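*Asks:* generate a structure from the sequence data that follows.
(one chain, ligands or ions: 2)
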Amino acid sequence: MKCLVVGSGAREHVITGALLRDPEVESVVVAPGNAGIAELVKCVPLDVSDPVAIGDLATQLDVDLVVIGPEIPLMAGAANALADRGIACFGPTREAALIEGSKAFCKEVMAEAGIPTAMARVCTNAAQAQDALDTFGAPYVVKDDGLAAGKGVVVTADRGEALAHAETCFEVGGTVVIEEFLDGPEVSLFGISDGTTVVALQPAQDFKRVGDNDEGPNTGGMGAYSPLPWLDEGVVSEVTKRVLQPMADAMKNRGTPFVGVLYAGLAMTTRGIRVIEFNARFGDPETQVVLSRLLTPLGQFLYSAATEQLADFAQLRWEQGFAVNVVIAAEGYPVKPVLGVPILGLEMLEADPDLSVFHAGTTMNEGKLVTFGGRVLSVTAHAPTLALARERAYEGVAEIEVSGSHFRRDIALSACSTEA
Ligand code: AMP
Ligand code: GLY
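*Replies:* Ligands and ions are numbered 1, 2, ... in the order given. Below you'll find the model as predicted:
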């Protein structure tokens, strides 16, 4: 099988590595990729927001499967363009990706499917927003309706700040979703869907705020671990039954079946499971700790999802133990990352079989590896216990030098005390 992977982050780096481990995968090309991916396979330039360019590249490479990593090409219609050419694509059409592209649309489908989620109101002006804020009370949750790379959500005790965020969105003609605050630990669960059948992967937890103890602004994600020692065993099958399968069914009934990753962001509240949001793709950095432990051949698995044959993959195989991922972010991230800063120390880690450094915002400049994005590297360690995996990940981070960079020091920390 010949594969094309679209994207340039650590998520695409781990996907590429997993595809290469599948004996049925003959070759992988990544577009546009990054400096780390380029060490594994051929990378070619691509404007990922251009579905025609993606279709042309897939045709030219004569691939059997295209795996789309990020949301931008999905929302732009990459899967639609590939379907028109008869090329198998792992990733939803533009219409199905709307579960991520519009929070208001997602809420509508969840309501229709009876999926447990926060009570919410869609607002288009300040009067509606004020009324919604007062109905739900503090802490206030205000979400920009459209795509915002995890940065369009404000959760605050300050009513003025909540209203100001809503008004900023209204000024550019936007819509906001204001909703009830959900209290409780968060879980990310990926359901692989072929449009009909859904197979859940193992759960992960992501750390979205930039600073330790969940302080500071939201980011794309600063670290993750999987599986979750504190999560009851029955939760994955409960979420599959009450959240993932109903979502797939609802999308199919609407005539826009969802093929790809149904990413459920969940809050484990005292009143039960609630969906915080759906994304239409693998999460980053969760993918680094989930797919790196999957033993089932990824190429065959994703191809079966792209071709409506997922029922063959009901039983997945997993590596024992735990994975912990720590993201090294460039100085200034998430506001304005400093680019072009040298990245040193990686060669020290290459020989360690339990440690993987997935690249995100990296590039080569005059023969030197330098920063090229906000999240620079994603250091992932595997070990028999969560505590050991955590220790190993931080040992790896300590070897790497990127001037001005920062990382969270508390990834998976509190979960270690819940290990048996
Ligand atoms: P989203 O983009 O919807 O995932 O939101 C980003 C982050 O904001 C989530 O991971 C949560 O930490 C937080 N958040 C979103 N919605 C809520 C909510 N209703 N209650 C509490 N926190 C929320
Ligand atoms: N880690 C959060 C996301 O991928 O959206």
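*Asks:* the longest strand seen in the chain: partners in the sheet, and parallel or antiparallel?
*Replies:* In the chain, taking DSSP state E as the definition, the longest strand is strand 259-269. If you go by DSSP bridges, strand 259-269 pairs up with strand 186-194 (antiparallel), strand 272-279 (antiparallel).
*Asks:* which parts of the stretch 251-400 of the chain are helices?
*Replies:* Remark: helices assigned in the stretch 251-400 of the chain by DSSP state H, counting those that start in this stretch are 286-290, 298-306, 386-399.
*Asks:* ok, which of those comes nearest ligand 2?
*Replies:* Comparing the helices of the stretch 251-400 of the chain against ligand 2 with Cβ to the nearest ligand atom, the closest turns out to be helix 286-290 (5.6 Å). All C-beta atoms are positioned from the backbone trio N, CA, C, and that covers glycine.
*Asks:* wait, does the closest one contact ligand 1?
*Replies:* No - against ligand 1, helix 286-290 shows no contacts by Cβ under 6 Å from any ligand atom, the least distance being 11.5 Å.
*Asks:* and the stretch 201-350 of the chain, which residues reach ligand 2?
*Replies:* 206, 220-221, 279, 283-284, 286.
*Asks:* lowest-confidence one in those?
*Replies:* Of all those, G220 carries the smallest pLDDT score, 91.
*Asks:* and the gap between it and P297?
*Replies:* 28 Å (Cβ to Cβ, to the nearest Å).
*Asks:* more crowded one of those two?
*Replies:* G220 (22 against 19; other Cβ atoms under 10 Å).
*Asks:* what pLDDT does the residue nearest to D84 when sequence neighbours are not counted get?
*Replies:* The shortest distance from D84 to any non-neighbouring residue, by Cβ to Cβ, 6 or more residues apart in numbering, is to G55 (7.2 Å). Predicted confidence (pLDDT) for G55: 98.
*Asks:* measure how buried G55 is and give me the count.
*Replies:* 21.
*Asks:* any low-confidence regions in the chain?
*Replies:* Across the chain, the ranges flagged by pLDDT under 70 are 148-151.
*Asks:* contact partners for the residue of the stretch 101-250 of the chain found nearest ligand 2?
*Replies:* Relative to ligand 2, the nearest point of the stretch 101-250 of the chain is G221 (3.3 Å; Cβ to the nearest ligand atom). If a contact means Cβ atoms under 8 Å, 6 or more residues apart in numbering, then G221 has 150, 206-208, 283-286, 327, 375 as its contacts.
*Asks:* residue contacts, the spatially most central residue of the chain?
*Replies:* By Cα atoms, centre = their mean, the chain has its centre lying nearest to G283, at 1.1 Å. Residues near G283 by Cβ under 8 Å, 6+ apart: 11, 188, 190, 204, 206, 221, 224, 263, 265.
*Asks:* next, format the residues you listed as JSON lines and append distance to R390.
*Replies:* Shown next, in JSON lines, are these (distance: Cβ to Cβ, whole Å):
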{"residue": "R11", "distance to R390": "21"}
{"residue": "S188", "distance to R390": "18"}
{"residue": "F190", "distance to R390": "22"}
{"residue": "A204", "distance to R390": "14"}
{"residue": "D206", "distance to R390": "15"}
{"residue": "G221", "distance to R390": "16"}
{"residue": "A224", "distance to R390": "11"}
{"residue": "Y263", "distance to R390": "24"}
{"residue": "G265", "distance to R390": "22"}
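*Asks:* nothing else from me, thank you.
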